[in-house]
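Undergrad: next input, structure requested:
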Amino acid sequence: MKHVLITGANKSIGLETARLLAQQGYFVYLGCRDLVKGQQAVAHLAEAGLAHVEAVQLDVCDKASIQAAAKTIRAKTSVLDVLINNAGVLGAMPQNALLTGPDQIREVFDTNFFGPIEVTLAFLELLEPAPVPVIVNITSGLASLTLQSDPTWIHAPYKLAAYGPSKTALNAHTVFLAHELRAKGFKVNAVDPGQTATDFTGHQGGAVTDAAQFVVHYATIGADGPTGKYFSRDAPAGETESPW
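TA: Down below sits the predicted model:
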């Protein structure tokens, strides 16, 4: 049985991704900042007959919490096949570039950028023995400098001066990480599930299930799969990769 850890997995896209992977036979660890909410999510999945799911307390902004989660999972399995860095925050609004100070930006970066780095480093030891270790960094089309610079883009100019750059930085880190781990067989990609109807977007956008299916596709790639790429569900028709 393959094992996967999903951060921010007690609701929305994270929870639906957990459901789909559990249905495919994965043992799923739900990394949740609030363990009670994580246990409630486990109970919800158990009602659907999905027993191979466990909640683990994991706050991506707390190094001690990350290390404790890694210790907990190491005690249960010697291999982690997939890591999905899904936890993220939008940050306080508004986020106009001229009005958004460094403290506000730093708070968003702590979760969206530094958090995934800390989690990845903590779980590399468990990922390395996997036949095809996979890391999926959940990103956003709002991180695309190409699109943000295009006055004809439907969202331009989108004023999220903290959130957007945090995901741009994550995309850049994904490229470097993929390059350094390529020789070890890792598949590391940035995946944008697109605008999805969740609390995060004020319930505007596509279905959560569709977004989760897109994430699962890249979480389950094999040895011949891509690495160091950015994929978006909102990519132009006929294109597989998206503008960075």
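Undergrad: same question for the lengthiest helix in the chain: list its buried residues.
TA: Using DSSP state H, we find that the single longest helix of the chain is helix 163-181. For helix 163-181, a neighbour-count test (16 or more other CB atoms under 10 Å) marks 163-171, 173-175, 177-178, 181 as buried. (C-beta placed from N, C-alpha, C; glycine too.)
Undergrad: now stretch 137-151
TA: Buried residues in stretch 137-151, counted by 16+ other CB under 10 Å: 137-144, 147-148.
Undergrad: repeat for stretch 22-40
TA: Within stretch 22-40, the residues that count as buried by 16+ other CB under 10 Å are 22, 26-33, 37-39.
Undergrad: give me the phi and psi for the residue most central in space within the chain.
TA: Central residue of the chain (CA atoms, centre = their mean): residue 86, 2.5 Å from the mean position. Per-residue torsions, residue 86: phi -100, psi -30 (degrees, to the nearest 10).
Undergrad: wait, it touches residue 8, no?
TA: Yes. With contact defined as CB atoms under 8 Å, residue 86 reaches residue 8; the gap is 4.6 Å.
Undergrad: and for these two, which residues touch both?
TA: Common contacts of residue 86 and residue 8 (CB atoms under 8 Å, 6 or more residues apart in numbering): residue 14.
Undergrad: okay, and the helix or strand of this structure with the least pLDDT?
TA: helix 145-148 (a mean of 89; mean pLDDT, DSSP states H and E).
Undergrad: may I see the buried residues of the helix or strand where residue 72 lies?
TA: Here residue 72, judged by DSSP states H and E, is contained in helix 63-74. Buried residues in helix 63-74, counted by 16+ other CB under 10 Å: 65-66, 68-70, 73.
Undergrad: try stretch 229-237
TA: Of the residues in stretch 229-237, 229-235 count as buried by neighbour count, 16+ other CB under 10 Å.
Undergrad: out of those, who's nearest residue 102?
TA: residue 230 (26.4 Å; CB to CB).
Undergrad: quick check: phi and psi on the nearest residue to the closest one once chain neighbours are set aside?
TA: Excluding the flanking residues, the one nearest residue 230 by CB to CB, 6 or more residues apart in numbering is residue 190, at 4.4 Å. Main-chain torsions, residue 190, degrees, to the nearest 10: phi -100, psi 130.
Undergrad: who does residue 190 bridge with?
TA: Assessed by DSSP bridges, residue 190 has beta-bridge partners residue 137, residue 230.
Undergrad: list the contacts of it.
TA: 137-139, 170-171, 174, 229-231.
Undergrad: go again with 7 Å.
TA: By CB atoms under 7 Å, 6 or more residues apart in numbering, residue 190 lies in contact with 137, 139, 170-171, 174, 230.
Undergrad: what stretches of this protein score poorly on pLDDT?
TA: Within the chain, the stretches with pLDDT under 70 are 156-158, 197-206, 236-241.
Undergrad: and the helices in it?
TA: Per DSSP H, the chain carries helices over the ranges 12-23, 35-47, 63-74, 102-109, 115-127, 145-148, 163-181, 208-219.
Undergrad: packing partners for the longest one?
TA: Using 3 or more CB pairs under 7 Å, 6 or more residues apart in numbering; DSSP states H and E, the elements in contact with helix 163-181 are helix 102-109, strand 187-192.
Undergrad: many thanks, have a good one.
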